[in-house]
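**Student:** kindly return the folded structure for what I paste below:
(one chain, ligands or ions: 1)
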Amino acid sequence: MAQQNNQGREQWASKIGFVLAAAGSAIGLGNIWRFPYKAGQYGGGAFVLAYILATFLIGIPLMIAEFSMGRSTQKSPVGALKKLRDSRFWPLVGWMGICSAFIVLSYYSVVGGWILNYIYESCFSSFQTGMAGVRFEELLARPGQQMLWHFLFMAITVFIVRGGVKSGIEKCSKILMPSLMVILFILMVNSLMSSGAGEGIRFLMKPDFSKLTRAGILEAMGHAFFSLSLGMGAMITYGSYLDKGTNISVSVLQIVALNTFYAIMAGLMVFPVVFTYNVDPGMGPGLFFVTMPEIFARMPGGQIIGFFFFVMVVFAAITSAVSLLEVVVSYFIDQLGWSREKANYLLGSVIFLAGIPSALSSNILKTVTLFGGKNIFDSLDFLASNYIMPIGGLLTAVFVGWVLTKQEKEPELKCGEGSFHFYGIWNVLIKYVVPVALVIVLLYTTGIMNF
Ligand code: TRP
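**Tutor:** Numbering: from 1, shown residues only. Okay, here's the model as predicted:
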């Protein structure tokens, strides 16, 4: 397979490498942390079903759209939209992607830093019963520590992106994703052997449709979208390193299957121990940094299990962070002609600096609020996940569904190995179903309409 296209653009070395890199982007804190607690809140199996349905109806069509845009233009988001329609408006969609990748990475790296801190601590001391909440508060209260760990997480990300597509991103995904799978599998089996297994499995899998409210369905739709890293140009960028020999429909099905599989495994790892140790399953966001350490404190061998748990989480976070940085860096390489080294070091540093207010938002800048009383960190997350990403996804769907012609779209879906593709159904979904669904999600998450 050609590893450079005829303009000398770097390409993925193998199909599996591409699938693992895209799955690495998709599988992140969303799968391991957000999915279990959302499922816990909205009726277990009923939420899982809604999530899978949303993945098929919204996630798959949009991911196919993003990969096709990237591959047909061989450009990152801004360049891709410019090449397809050089108007005033459409390249803005690419710009939105870059801005949201920038914003999200600035605070994602702060969370990545917290995880590194937990790994470090679990090397030297065991988790202590009743102390998890206090220790987390302590970490949040220390500006210096948070900055140090945030810096370290960004440095790791920059180090990987520096290697480029094949020897940086692809290579790290090929190592980290299988390792993640092995650790997650062992932790899941260990958890399934605990006494709360039956209750945990029932909690996650038994569909309680009475809890699947309208809000639950909309959460499932929003989560499917977030969890597949859509709407911010990440998949356009990864698609731009793809050659014509790859069948996009097949790859997307593989990526989505992996993403769903990891999310369910994460749920099967978390809930059995949650019930065994009698902690609150509907705990929400704190599940991760407070509930799990509390469980590790009470569990035999908890220190080592906790260590591997956080190592697994950081692997998932790193491959997502890498794809966020690549979106930003590839703009400077493609559109401004910078070298990868220069773009990477400079943008990596700027994003580190931009993340400092988030790192300080739980201590020195605690009193600074942006939207509706939310601190800086929460405001950025709110803005990116509730506004920029869904708007980006909506505009992408409208662009591909209504602006691009059949001649521009069809060949992208039909090329590549094998005869399997679904152009007809896909076109209907991207034209009608995805835009309507995303408008409803937007109205819901922004609170404009009360469902
Ligand atoms: N999908 C990631 C997760 O599950 C989060 C995410 C959303 C993301 N959009 C992204 C990651 C874009 C990388 C690029 O945690």
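
**Student:** stretch 225-240 near the ligand anywhere?
**Tutor:** Yes - judged by C-beta under 6 Å from any ligand atom, stretch 225-240 and the ligand are in contact via 226, 227, 229, 232, 234. (Glycine included, C-beta is placed from N, CA and C.)

**Student:** lowest-confidence entry in those residues?
**Tutor:** Ranked by pLDDT, these bottom out at residue 226, which has 90.

**Student:** quick check: phi and psi on the closest residue to it other than its chain neighbours?
**Tutor:** Excluding its sequence neighbours, the residue lying closest to residue 226 (C-beta to C-beta, 6 or more residues apart in numbering) is residue 30, at 5.6 Å. As for residue 30, its main-chain torsions (degrees, to the nearest 10) stand at phi -60, psi -40.

**Student:** thought residue 30 was touching residue 227?
**Tutor:** Yes - proximity of residue 30 to residue 227 meets the contact threshold set by C-beta atoms under 8 Å, at 4.2 Å.

**Student:** ok, the two, which is more surrounded?
**Tutor:** Neighbours per residue (other C-beta atoms under 10 Å) separate residue 30 from residue 227, with residue 227 holding more: 26 against 23.

**Student:** quick one: the more buried one and residue 29 touch, right?
**Tutor:** No - contact criterion C-beta under 8 Å: residue 227 and residue 29 do not qualify, at 9.7 Å.

**Student:** picking up where we left off before, common neighbours of residue 30 and residue 227, please.
**Tutor:** residue 263 (C-beta atoms under 8 Å, 6 or more residues apart in numbering).

**Student:** show me where pLDDT drops low in this protein?
**Tutor:** 1-7, 281-285, 451 (pLDDT under 70).

**Student:** which positions in it make contact with the ligand?
**Tutor:** Counting by C-beta under 6 Å from any ligand atom, the residues of the chain near the ligand are 25-26, 28-31, 226-227, 229, 232, 234, 320, 323-324.

**Student:** next step: these restricted to helices.
**Tutor:** Those of the residues of the chain next to the ligand mapping onto helices are 25, 26, 29, 226, 227, 234, 320, 323, 324, per DSSP state H.

**Student:** OK, contacts around the last one?
**Tutor:** If a contact means C-beta under 8 Å, 6+ apart, then residue 324 has 101, 104, 105, 108, 234 as its contacts.

**Student:** rewinding a little: most widely separated two among the residues of the chain next to the ligand?
**Tutor:** Using C-beta to C-beta, the pair of those lying farthest apart is 31 and 232, separated by 17.2 Å.

**Student:** which one of the two has more residues nearby?
**Tutor:** Set residue 31 next to residue 232 and count neighbours by other C-beta under 10 Å: residue 232 wins out with 30 against 25.

**Student:** would you list the phi and psi of the more buried one?
**Tutor:** Main-chain torsions, residue 232, degrees, to the nearest 10: phi -140, psi 20.

**Student:** in this structure it contacts residue 104, no?
**Tutor:** Yes - using C-beta under 8 Å, residue 232 makes contact with residue 104 at a distance of 7.3 Å.

**Student:** of all of the stretch 301-450 of the chain, which residue lies closest to the ligand?
**Tutor:** residue 320 (3.8 Å; C-beta to the nearest ligand atom).

**Student:** what sits closest to that residue if chain neighbours are left out?
**Tutor:** Nearest one to residue 320, counting by C-beta to C-beta, 6+ apart, is residue 28 at 3.5 Å.

**Student:** who's in contact with the one you found?
**Tutor:** Going by C-beta under 8 Å, 6+ apart, the list of residues near residue 28 reads 227, 229, 316, 317, 319, 320.
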